[in-house]
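> below are the sequence and a predicted model; questions follow.
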Amino acid sequence: MSTNPESSNLSPLPAPVPLQVDTLIKRFGQVVAVDGISLQMRAGECLGLLGPNGAGKSTLIRAIAGRVIPDTGQVAIFGFPAGSPQARAALGWVPQDLALYPRLSAKENLQSFGRYYGLTGKKLEQAVARCLDWAALQDRAGDLVSTLSGGMKRRLNMAAGLIHQPRLVLMDEPTVGVDPQSRNRIFEMIEALRSEGMTIIYTTHYMEEAERLCDRIAIVDHGRIIALDTRVALVYSSFASRSQVLARLEGPPGKVSAWVEARGGRLVDGTAEFTIEGPKEIAALLEAATEADLELVDLSLRRPNLESVFLHLTGRELRD
Amino acid sequence: MIIPIVRTAILALRRDRGSMVLSFVVPIAFFSIFAVVFGGQHDTVHKINVIVVDEDQSQASRQLVNGLQRDGSLTVVTQPASTKDQPQPAPYTAATAEDAVKAGDVSVALIVPHGWGTNPISFRGDSDAPAIQLLSDQSDAIAPQMVGGLLQKAAMTSMPLSMAEQGMKYTEQYAGTFTLEQRKNMETNLDRLRKIESNQSKGATGSALTSQAGGIVAVTTRSVVGENKKSPTISFYAAAIGVMFLLFTATGSAGALLDEAESGALDRVLSSRITMTGLLAGKLVFNILLAFTQLTLMFLWAWAVFKLDFFTHIPGFIVMGLCTAFAVAAFGILLASICRTRAQLGALSTLLVLTMSAIGGSMFPRFLMSDAMQKAGLCTINAWAIDGFRKVFWYELPLTDLWPQVSVLLAIGIVLFAVARRIARRWEYA
């Protein structure tokens, strides 16, 4: 009798997906924070939840963490219901707030959270050392959290969520309030996790972060996922091969806005945006502006991005 | 320039309910509580409980006991309260009265010995009859003094016949024998006195006569509790002040829950393997250890500086210390679970802890309060804890005698923790 599994006639059971969310609805009074969201994640994937403040991203994350009881719908983490002991063990959560003990040192914080996950002795010390190394905080390990910089606190906040080596990590806007240098450091930390095959959900309202870090992006608005795909596919589904022309025009404000609207464009922060099929349409735009006695000050061409997709889908800017 | 600053400050104060309560409600609440506790405006005057044992059973002793019973300042007890086991308990004897004082049931007992009635009045203390014994608890400095004075008053107002007869004896002894006519007149007046006494004993209430200080009745005072103790109030204050600060510390420590909830650390903890029950139990155990350590330090300090006999009472201290620590720790957890912010917790804990301390005897011994206030004090952790520590350190009672205090403190702790767990559900899930 062969012991080689490959030679067996029995096909192995499919491994449960890291995350399965089915028609999740959560209301707070009259406000519907999550309105029928469904999604599924693949192992090793980084899924971005992109949406403006109040879109329902954090409520979705808290429901996955088992900290919000949905009104309807289900959440399963590796096949286990959210909030169950197995789901808790498999899940790492980096909340938006700095959920740390300010009177403890960086190392003591990691030790405390490690113990909460059942780590002891050598395993705990190894986990703490690994997290301090990952967050580049070895030389500040003994410093009280209250004395760390904002960026360091953010990194420690992330490390505390990963102390027990979870298989699925929820990161709720981990770069809020940090300077560009610290943000880059955090990106490097997340990229290191991705290279190890960690499954990550990353919420943000910064398009650049989603574009840089995520394999797939779910655009969330008013508690719903209005689009979910890779960045390229999302842009293509909204704009196909079209490009965007950005033009700054000078003239009477009413006249400029009427002209832009008549040409099928829109004004965003004083800049006119037009979607074109090809570069040939640029010449026609310039000619029309001249005919309308509008002075062209600046002109540029760009490929549509996630911001453009959000605008296209919702009629609003991402940071409205 | 100044007005905008004032307006901003007023707005901030209006939004900070904790500060509002501390500023306006707490002072008024405290004034009212202290007025009630110490002002006696809404209550009857405190009566002193005194056990009286009449071994003499003479006419004079019965008159004296009647006189004491008529006094509005005393509650005279001649036999223990009836129980289910003993519906008609035997009257107190000298021995059981002494035991009752030693057990802290009363602060004073009076023993009227055999033969006292043969010569009850002792103007100069030269009576050959045995003196009345006043058994006292040294921790109560006031009750024995008051009972001693009221005893003299009762003798003067309730035994005029004895006083007159004794006066006649003294007159004959030092001024010569009365003539027959003088003796006849004396007897006539004594008969009138006998009739007055007879009427008084048939139902007259307390006399309005004012007593005069001085020993017309010979009294021997004996401290049966604490006669060998150097500082009778040290154990009381170690417990009383200790419990008050335990309550403050427990609420402050439990307030860490609110900090954790505000920072999001609580969410993170509850997303780990820790459940809400486990979290609260952990906080409870920490608070118990903290409170017990505080108490231990307090009593060790009392031993080192004030010569409190600590080390011969270790078992009782551990039992009472742990029970008290459990109750105050649960109290702190409950307050933290009720409040939404640290400011609320600060205001509420200040109000409750100081109120409990005032009523429960941490600031002023309960035995000096009115009966109603003493009963109200039983609603506080302070009263039960202080009573227990007094039993251990002052009355030196065996551990088994601590069961009422232990039971009540444990019950308080269990109930408060259960209520706190119920309220803490608000943190569990949204």
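Looks like it came in fine. Numbers count the residues shown, from 1 in each chain, chains lettered A, B, ... in the order given.
> pull up the pairing partners for the helix or strand harbouring residue A:203, direction included.
Taking DSSP states H and E as the definition, residue A:203 sits inside strand A:199-204. The pairing partners recorded for strand A:199-204 under DSSP bridges are strand A:46-50 (parallel), strand A:168-172 (parallel).
> residue contacts, residue A:138?
Residue A:138 sits next to residue A:132 when contact means CB atoms under 8 Å, 6 or more residues apart in numbering or on different chains. Quick note: C-beta positions are derived from backbone N, CA and C, even for glycine.
> ok, residue A:106 touching residue A:148?
Yes - using CB atoms under 8 Å, residue A:106 makes contact with residue A:148 at a distance of 6.8 Å.
> what do these two both touch?
A:140, A:156.
> who's more crowded, the two?
Using other CB atoms under 10 Å in any protein chain shown as the criterion, residue A:106 and residue A:148 rank with residue A:106 on top: 28 against 20.
> what sits against the more buried one?
Listed by CB under 8 Å, 6+ apart, the contact set of residue A:106 reads A:132, A:137, A:140, A:141, A:142, A:143, A:145, A:148, A:152, A:156.
> please repeat the previous calculation with a cut-off of 10 Å.
Residue A:106 makes contact with A:100, A:128, A:131-132, A:135, A:137-138, A:140-145, A:147-148, A:152-153, A:155-156, A:159-160, according to CB atoms under 10 Å, 6 or more residues apart in numbering or on different chains.
> and if you look at residue A:41?
The contact partners of residue A:41, by CB under 10 Å, 6+ apart, come to A:17-21, A:47, A:77, A:168, A:199-201, A:215-216.
> related to what we said a few turns ago, buried only: go through the contacts of residue A:106 for me.
A:100, A:128, A:131-132, A:135, A:137, A:140-141, A:145, A:148, A:152-153, A:155-156, A:159-160 (16 or more other CB atoms under 10 Å in any protein chain shown).
> now, the most widely separated pair of those?
For the buried ones among the contacts of residue A:106, the maximum inter-member distance is 16.9 Å, found between A:128 and A:153 (CB to CB).
> check contacts around the residue lying closest to residue A:312 once chain neighbours are set aside.
Nearest-residue entry for residue A:312: residue A:238, 4.5 Å, with adjacent residues in sequence omitted and distances by CB to CB, 6 or more residues apart in numbering or on different chains. Listed by CB under 10 Å, 6+ apart, the contact partners of residue A:238 are A:219, A:227, A:275, A:304, A:306, A:308, A:309, A:310, A:311, A:312, A:313.
> top helix in the chain by residue count?
Went with chain A since none was named. Counting by DSSP state H, the longest helix found in chain A is helix A:180-195.
> ah, no, chain B please
In chain B, ranked by residue count with DSSP H as the criterion, the top helix is helix B:276-306.
> smallest distance to chain B belongs to which residue of the stretch 201-320 of chain A?
Distances between the stretch 201-320 of chain A and chain B by CB to the nearest CB are smallest at residue A:201, namely 14.0 Å.
> re the thing from before, give the buried residues for the longest helix of chain A.
Using 16+ other CB under 10 Å as the test for burial, helix A:180-195 gives A:182, A:183, A:185, A:186, A:187, A:189, A:190, A:193, A:194.
> what helices or strands is that helix leaning on?
Counting contacts by 3 or more CB pairs under 10 Å, 6 or more residues apart in numbering or on different chains; DSSP states H and E, helix A:180-195 is packed against strand A:46-50, helix A:121-134, helix A:150-161, strand A:168-172, strand A:199-204, helix A:207-213.
> now the very next helix or strand once past the longest helix of chain B against helix B:276-306, angle please.
Per DSSP H and E, helix B:276-306 leads on to helix B:314-338 as the next helix or strand towards the C-terminus. When axes from the mean of the first three to the mean of the last three CA atoms, to 10 degrees is applied, the directions of helix B:314-338 and helix B:276-306 differ by 130 degrees.
> could you list the low-pLDDT ranges of the stretch 151-300 of chain B?
Residue ranges of the stretch 151-300 of chain B with pLDDT under 70: B:160-161, B:192-215, B:226-232.
> and the residue in it positioned nearest to chain A, what are its phi and psi?
Nearest residue of the stretch 151-300 of chain B to chain A (CB to the nearest CB) works out as residue B:264 at 3.3 Å. Dihedral angles of residue B:264 (phi, psi; degrees, to the nearest 10) stand at phi 100, psi -10.
> list the contacts of it.
Residues counted as contacts of residue B:264 (CB under 10 Å, 6+ apart) are A:93, A:95, A:96, A:97, A:98, A:99, A:100, A:157, A:172.
> tell me how far it lies from residue B:12.
Using CB to CB, to the nearest Å, residue B:264 is found at 25 Å from residue B:12.
> can you give me the helices for chain A?
Assigned by DSSP H, chain A shows helices spanning A:57-64, A:85-90, A:106-116, A:121-134, A:150-161, A:180-195, A:207-213, A:231-239, A:253-262, A:280-291, A:306-314.
> so which of the ones you listed is nearest residue B:70?
helix A:106-116 (69.3 Å).
> show me which positions of the closest one end up buried.
For helix A:106-116, by 16+ other CB under 10 Å, it's A:106, A:107, A:108, A:109, A:110, A:111, A:112, A:113, A:114, A:116.
> same thing with stretch B:372-382?
B:373, B:374, B:376, B:377, B:380, B:381, B:382.
> pLDDT check: weakest of those residues?
Lowest pLDDT of the buried residues of stretch B:372-382: residue B:373, 83.
> tell me the secondary structure for that one?
Following DSSP: H, G, I helix; E, B strand; the rest coil, we place residue B:373 in the helix state.
> and it, how far from chain A?
Residue B:373 sits 41 Å away from chain A, going by CB to the nearest CB, to the nearest Å.
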